[in-house]
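Enquirer: sequence first, predicted coordinates after that:
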Amino acid sequence: MTDFFTQLTEILEKEAARRPGTCVSEETLRALQASRPAPAPAAPARGEDAMPSARPVPPRPAPSAVVPRTSSPVPAPPPQDPVPRPMPDMEAVCAEVARCRRCPLHATRLNPVPGEGDPHARLMFIGEGPGGDEDRQGRPFVGPAGQLLDKMIAAMQFRREEVYIANIVKCRPPRNRAPMPEEAEMCLPFLQEQIRLVRPEVIVLLGATAVHYLLKRQEGIMRIRGRWLEYGGIPVMPTYHPAFLLRQEQAKRDAWEDLKQVMRRFGKEPPAPRRAPR
Ligand code: SF4
């Protein structure tokens, strides 16, 4: 097995190549320490108890080349011009997201996750932000919540390639926390450009964060879901985020009612009775 420091060196080299001039973040340090393989137990000395010690192994101190945020903070993002608008096409949006350092989330992302799907989709889904799986793959909704979203899309008689999927922020917030207001506001022009370019007939907002930052509404998702709203003349249906549905199975029935309303907008009659996607 490649030893820990070889892995560390490779990762640091990649980080340095990707973000020259920046130090390695505390998030990266934690990820490295978490991924460090457990040391092989030392062979017991003669007469010593052969059972492995139950004492926790103290973490190996970080190499001096790695500077945790506590002793040397991640520098503030370098000033960048506002997001240039209007952008000509979705490729331009993705390219601008890839070089964006407008908010601190750029420092801890592995990959930007601009969005994907049909750039002329009739239906658009908008979530909160990338999670760990999405950060690793650079694609939206590819983890367990994404698998449920795929089922929801299929139940609506669409294919994933036919819709467009994006998030409020394009870089993963550390520890999957919700985006901070300044991060969301800094990133919102990208999403606004994506909506302008796609011009969907309907937008489905997944969860309270998407509703809050796109529509500037403060209501909780339980109060606002299932009601037609509007963004720039486009009908908007708020519903539960798939990650919430994975934790709250009983909410799937309500989410399915919301999605059936969207189906009817497209002239699709949901089969009845129909079980909510599981
Ligand atoms: S989250 Fe958005 S604004 Fe922040 S660095 Fe990523 S692309 Fe830029």
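Expert: Alright, I've got the coordinates.

Enquirer: isn't Ile195 up against Ala121?
Expert: No - using C-beta atoms under 8 Å, Ile195 makes no contact with Ala121, being 10.7 Å away. Where you see a C-beta, it was placed from the backbone N, CA and C, and this is true even at glycine.

Enquirer: any stretches of the stretch 51-200 of the chain with poor pLDDT?
Expert: Within the stretch 51-200 of the chain, the segments meeting pLDDT under 70 span 51-78.

Enquirer: so which residues of it form helices?
Expert: 90-98, 132-137, 144-155, 181-198 (DSSP state H, counting those that start in this stretch).

Enquirer: residues of the shortest one that come out buried?
Expert: The one in question is helix 132-137. 133-135 (16 or more other C-beta atoms under 10 Å).

Enquirer: contact partners of it?
Expert: Residues from elsewhere that reach helix 132-137, judged by C-beta atoms under 8 Å, 6 or more residues apart in numbering: 109-111, 113, 140-143, 146, 171-172, 176.

Enquirer: which one of those is nearest to Thr239?
Expert: Checking those against Thr239 with C-beta to C-beta, the nearest one is Phe141 at 14.1 Å.

Enquirer: now for that closest one, how many residues are close by?
Expert: For Phe141, the count of nearby residues is 28 (other C-beta atoms under 10 Å).

Enquirer: from what I can see it touches Pro242, true?
Expert: Yes - counting by C-beta under 8 Å, Phe141 does reach Pro242; the two are 7.4 Å apart.

Enquirer: so what sits against both of the two?
Expert: With C-beta under 8 Å, 6+ apart, Phe141 and Pro242 have common neighbours Leu149.

Enquirer: closest to Gly226 out of the contacts of helix 132-137?
Expert: Phe141 (21.1 Å).

Enquirer: which non-adjacent residue is nearest that closest one?
Expert: Leaving aside its chain neighbours, Phe141 sits nearest to Leu149 (4.9 Å; criterion: C-beta to C-beta, 6 or more residues apart in numbering).

Enquirer: any idea how far that neighbour is from the ligand?
Expert: Distance of Leu149 to the ligand, computed by C-beta to the nearest ligand atom, to the nearest Å: 20 Å.

Enquirer: cool, Phe266 as well?
Expert: Distance from Phe266 to the ligand, by C-beta to the nearest ligand atom: 31 Å.

Enquirer: distance check, Ile221 against the ligand.
Expert: Applying C-beta to the nearest ligand atom to Ile221 and the ligand gives a distance of 22 Å.
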